[in-house]
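K.L.:
Generate coordinates for the sequence data below:
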Amino acid sequence: MESVQQLKSDRSPRETLSMDPIKFILWLFLVTIIMLFASQTSAYLVRRAEGNWLEFEMPQIFWYSTVVLALSSAAMQWAYFAAKKDRFRELKIAISITFVLGLAFLFMQFEGWKKLVEMNVYFVGNPSGSFFYVFTGLHGLHLISGIIVLMFSLAAAVRMNVHSKNLRKIEICVTYWHFLDILWIYLFVFLLTFK
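P.N.:
Modelled structure (predicted):
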């Protein structure tokens, strides 16, 4: 016969794995972006193997923009550490630097497109150019959404709503921003390798 204590322990609710719903949605969104770019890069390789493929050197400015995005990721990480230690002034400065570097990256990508046009590489024409514009354009669109998330985080930091006891907004922002940085490095290396 089971004891009363054993019955109670059997009926007590089991612990369940729980996750912040917003973070869960973010991760689902990241998976969809990964799938999108995986399919696009696969299509790129298949089309390249078919021939009639224009090879061109990537303009130098894309190297510089990659460095700028990596620096913005470092600034974003600084913001996270500042939030964890309730260093509010540092937090606002770090998010602002990330914001400015994000805008600088977008501007440099646009300048890179202008260089491509000068090199007679157009969106319409050879598929190698079309893929290049699509990859950089899609990444740029996602980065714009990252800048919008940054603006919300900066506003929350100004209102002192981001601190060591409430890291949700900054954690979401850091995750998304680092993801966009890694995604761009992947695309950059991919386009350099399979030009």
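K.L.:
Quick one: low-confidence residue ranges for this protein.
P.N.:
Within the chain, the segments meeting pLDDT under 70 span 1-17.
K.L.:
any idea where the helices of it begin and end?
P.N.:
Remark: helices assigned in the chain by DSSP state H are 4-11, 21-49, 61-84, 88-118, 127-158, 168-193.
K.L.:
With mean neighbour count and distance to residue 55 as new columns, can these be given to me in TSV?
P.N.:
To be clear about C-beta, it is placed using only N, CA and C from the backbone, and glycine gets the same treatment. Below are the helices of the chain laid out as TSV (neighbours: other CB atoms under 10 Å; distance: least, CB to CB, whole Å):
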stretch	mean neighbour count	distance to residue 55
helix 4-11	9	68
helix 21-49	13	10
helix 61-84	19	16
helix 88-118	18	13
helix 127-158	17	7
helix 168-193	18	11
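K.L.:
if I pick the spatially most central residue of the chain, what's in contact with it?
P.N.:
Geometric centre of the chain, nearest residue: residue 180, 1.6 Å, by CA atoms, centre = their mean. Contact partners of residue 180, counting by CB atoms under 8 Å, 6 or more residues apart in numbering, are 69, 139, 142-143, 146.
K.L.:
which of the residues you listed sit farthest apart?
P.N.:
Within the contacts of residue 180, two members stand farthest from each other by CB to CB: 69 and 142, at 12.0 Å.
K.L.:
Might one say that residue 119 is in contact with residue 54?
P.N.:
No: with contact defined as CB atoms under 8 Å, residue 119 does not reach residue 54; the gap is 10.0 Å.
K.L.:
Would you mind measuring from the residue lying closest to residue 99 once chain neighbours are set aside to residue 116?
P.N.:
Counting by CB to CB, 6 or more residues apart in numbering, residue 150 is the residue found nearest to residue 99 once chain neighbours are left out, at 5.1 Å. From residue 150 across to residue 116, the span is 28 Å (CB to CB, to the nearest Å).
K.L.:
Repeat that for residue 73.
P.N.:
Applying CB to CB to residue 73 and residue 116 gives a distance of 25 Å.
K.L.:
what do you get for residue 133?
P.N.:
Applying CB to CB to residue 133 and residue 116 gives a distance of 8 Å.
K.L.:
Who are the contact partners of the spatially closest residue to residue 37 that is not a sequence neighbour?
P.N.:
Of all residues not flanking residue 37 in the chain, residue 183 sits nearest, at 6.7 Å (CB to CB, 6+ apart). Taking CB under 8 Å, 6+ apart, we find residue 183 in contact with 33, 37, 139, 142.
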